[in-house]
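my questions are about this predicted structure, shown below with the sequence.
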Amino acid sequence: MTGIRIDHLITSGTFSLDGGTWDVDNNVWIVGDDHEVVVIDAAHDADAIAEAVGGRRVTAIVCTHAHDDHVNAAPALAERTGAPILLHPDDRALWQMTHPDRKPDGELTDGQVLHVAGTGLTVLHTPGHAPGAVCLYAPDLETVFTGDTLFRGGPGATGRSFSDFATIIESVRDKLLTLPASTTVRTGHGDSTTIGDEAPHLPEWVARGH
């Protein structure tokens, strides 16, 4: 795994759904080496993301889900880099709310492996926060990119349209907390954590949600 690294960028903007708008800071993750990368969640600022990528080839722009704050810069970044935008098809309705005239270029499926710079990112379909939410597990890097499915302190929000609490709990329990405890959880917003730090709190989350 010589030369592969994870670059981290924070971009700022807004998130809008169900008639409300909130200011948000988003984590953008760039995974690869000096030659090629994937971008996870092209949020808010295509210019800043392109600057962080530099001269490297972008093999894919991966959307962990289609809330507008995670995909609003994706078409502009795709135009600049020529990279395909990949989204789970169950989030197509959410995507069309932000980009009605631009479809994603490819679909993500559970168990699919995306390859970049000699390593693999396994797609885990983790619905709940959004129907087509996915996480990307990179075992070689001991990392999982969870979007808004799992944060430091619990699962993502489920109080808005297209979300469901019981579903996100099932996704977190069955797809994420089964990963090695040492796995770093790199989230869509806020600080990173580990599977080992979060797993013991599952009963609290379930109790809190009912």
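Arrived safely.

buried sites along stretch 134-147?
134-138, 141, 143-147 (16 or more other CB atoms under 10 Å). In short, each C-beta sits where N, CA and C put it, glycine included.

what residues of stretch 17-32 count as buried?
17, 24, 26-32.

before we move on, back to that, possible to save the buried residues of stretch 134-147 as TSV with secondary structure, distance to residue 188 and pLDDT?
Output for the buried residues of stretch 134-147, formatted as TSV (DSSP: H, G, I helix; E, B strand; the rest coil; distance: CB to CB, whole Å; pLDDT from 0 to 100):
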residue	secondary structure	distance to residue 188	pLDDT
134	strand	11	99
135	strand	10	99
136	strand	12	99
137	strand	15	99
138	strand	16	98
141	helix	17	98
143	strand	14	98
144	strand	12	99
145	strand	8	99
146	strand	7	98
147	strand	4	98
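
what's the helix or strand bottoming out on mean pLDDT in the chain in contact with?
One helix or strand of the chain scores below all others by mean pLDDT, DSSP states H and E: helix 202-209, with a mean of 93. For helix 202-209, contacts defined as CB atoms under 8 Å, 6 or more residues apart in numbering pick out 154-155, 158, 165, 169, 172-173, 177.

do the same with stretch 71-88
Under CB under 8 Å, 6+ apart, the answer for stretch 71-88 is 11, 13, 39, 41-46, 49-50, 53, 57-63, 65-66, 95, 98-99, 102, 104-109, 114, 123, 125, 131-134.

rerun that using 7 Å as the cut-off
The set of residues external to stretch 71-88 that reach it, using CB atoms under 7 Å, 6 or more residues apart in numbering, is 13, 39, 42-46, 49-50, 58-63, 66, 95, 98-99, 102, 104-108, 125, 132, 134.

sort out which of those residues are buried, if you could.
If we count by 16+ other CB under 10 Å, those have these buried: 13, 39, 42-46, 49-50, 58-63, 66, 95, 98-99, 104, 108, 125, 132, 134.

ok, back up a step: so of the contacts of stretch 71-88, which ones are in helices?
Taking DSSP state H, the ones among those that sit in helices are 46, 49-50, 95, 98.

can you pick out the most distant pair from the residues you listed?
Using CB to CB, those span at most 21.2 Å, a distance reached by 50 and 95.

and stretch 50-68, how far from the chain's centre?
Centroid separation for stretch 50-68 versus its chain: 11 Å, with CA atoms, centre = their mean, to the nearest Å.

ends of it, what's the gap?
End-to-end distance of stretch 50-68 (CA to CA, to the nearest Å): 19 Å.

hmm, back to that, neighbour-wise, give me the winner out of the contacts of helix 202-209.
Among these, residue 155 has the most neighbours (other CB atoms under 10 Å), with 27 neighbours.

any idea what that one is bridged to?
The partner list for residue 155 in beta bridges (DSSP bridges) reads residue 150.

follow-up on the earlier one: next, format the contacts of helix 202-209 as a markdown table and append secondary structure.
As requested, those are exported to a markdown table (DSSP: H, G, I helix; E, B strand; the rest coil):
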| residue | secondary structure |
| --- | --- |
| 154 | strand |
| 155 | strand |
| 158 | coil |
| 165 | helix |
| 169 | helix |
| 172 | helix |
| 173 | helix |
| 177 | coil |
